[in-house]
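**Student:** Got a predicted structure here, sequence first:
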Amino acid sequence: GQQVMQIPQYQHVQEGEDFTTYCNSSTTLSNIQWYKQRPGGHPVFLIQLVKSGEVKKQKRLTFQFGEAKKNSSLHITATQTTDVGTYFCIRGGGYQKVTFGTGTKLQVIP
Amino acid sequence: NAGVTQTPKFQVLKTGQSMTLQCAQDMNHEYMSWYRQDPGMGLRLIHYSVGAGITDQGEVPNGYNVSRSTTEDFPLRLLSAAPSQTSVYFCASSYTSGADYEQYFGPGTRLTVT
């Protein structure tokens, strides 16, 4: 299938530590998007990556798209309690069906 | 813009009952989809549509029907509710063309089947 695997499934970090989640696909991706879902909420768009090797930054968040366009990562520098939630990558878009990665649940210990 | 709206927010059904979850968007998005999220799990695609009159199955379509008669609306029908369909249901929409495929999500419907 075209499932996108994410690792790790769970991550507990001390506030101020860094955090990284990885998204891996067995097939080449035309694009990848990242979303954050707070507990009890709905997924909220963070970013879309399209180009091979692309790197984008949003304040403490850094997103990368692999050279082969089969993997991606989200890195958070100096986590804060507001970063708590589940981070999902998703594949698809346009006329392609959109499917979710398995997600990484982040807990930040104050 | 109201964005993506879903009704109802909460629903309790008895096994065997049928109901329709409503989803509407006012952004003129061609793509609309339904997901279910079980406790502690990711989102699984039920059905999706790339435009009025066009629907297709996702990963977990059994027990659900959809139709898309207008661009704005994409209702999800549970034909005969089962306890295994207890879940949170999210509707989402996006453009199909251009460079931006951001998915806009509704607030979700929390469904319990007893």
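**Tutor:** That came through, no problem.

**Student:** how about the nearest residue to the residue of chain B at minimum distance from chain A, chain neighbours excluded?
**Tutor:** Relative to chain A, the nearest point of chain B is residue B:101 (2.9 Å; C-beta to the nearest C-beta). Any C-beta I mention is one placed from the backbone N, CA and C, and that applies to glycine too. Ranked by C-beta to C-beta, 6 or more residues apart in numbering or on different chains and with sequence neighbours excluded, the top spatial neighbour of residue B:101 is residue A:93, at 2.9 Å.

**Student:** what's next to stretch B:62-75, contact-wise?
**Tutor:** B:20-26, B:28-30, B:32-34, B:46-47, B:49, B:51-55, B:76-80, B:82, B:85, B:91, B:93 (C-beta atoms under 8 Å, 6 or more residues apart in numbering or on different chains).

**Student:** Rounded mean pLDDT for that stretch, please.
**Tutor:** When pLDDT is averaged along stretch B:62-75, the result is 97.

**Student:** Also stretch A:29-45?
**Tutor:** Averaging pLDDT along stretch A:29-45 yields 95.

**Student:** Which positions are bridged to residue 91 in the beta structure?
**Tutor:** All of this refers to chain A. Per DSSP bridges, the residues bridged to residue A:91 are residue A:32, residue A:99.

**Student:** Correction: the question concerned chain B.
**Tutor:** The partner list for residue B:91 in beta bridges (DSSP bridges) reads residue B:34.

**Student:** Surely it and residue B:106 touch.
**Tutor:** Yes: contact status for residue B:91 versus residue B:106: in contact at 4.5 Å, counting by C-beta atoms under 8 Å.

**Student:** how near is the closest residue to residue A:65 other than its chain neighbours to residue B:91?
**Tutor:** Once flanking residues are discounted, residue A:65 sits nearest to residue A:49: 3.9 Å by C-beta to C-beta, 6+ apart. Between residue A:49 and residue B:91 the computed distance is 25 Å (C-beta to C-beta, to the nearest Å).

**Student:** How about residue A:85?
**Tutor:** 20 Å.

**Student:** swap in residue A:26?
**Tutor:** Residue A:26 is 28 Å from residue B:91, by C-beta to C-beta.

**Student:** hmm, back to that, are any of the contacts of stretch B:62-75 buried, and if so which?
**Tutor:** With burial judged by 16 or more other C-beta atoms under 10 Å in any protein chain shown, the buried subset of these is B:21, B:23-25, B:29-30, B:32-34, B:46-47, B:49, B:52, B:55, B:76, B:78, B:85, B:91, B:93.

**Student:** Which strands and helices lie in contact with the lowest-mean-pLDDT helix or strand in chain A?
**Tutor:** Across the helices and strands of chain A, mean confidence by mean pLDDT, DSSP states H and E is lowest for strand A:96-100: a mean of 88. Applying 3 or more C-beta pairs under 8 Å, 6 or more residues apart in numbering or on different chains; DSSP states H and E, one finds that strand A:96-100 contacts strand A:85-93, strand B:31-37, strand B:43-51.

**Student:** burial of residue B:65, as a residue count?
**Tutor:** Using other C-beta atoms under 10 Å in any protein chain shown, residue B:65 has 14 neighbouring residues.
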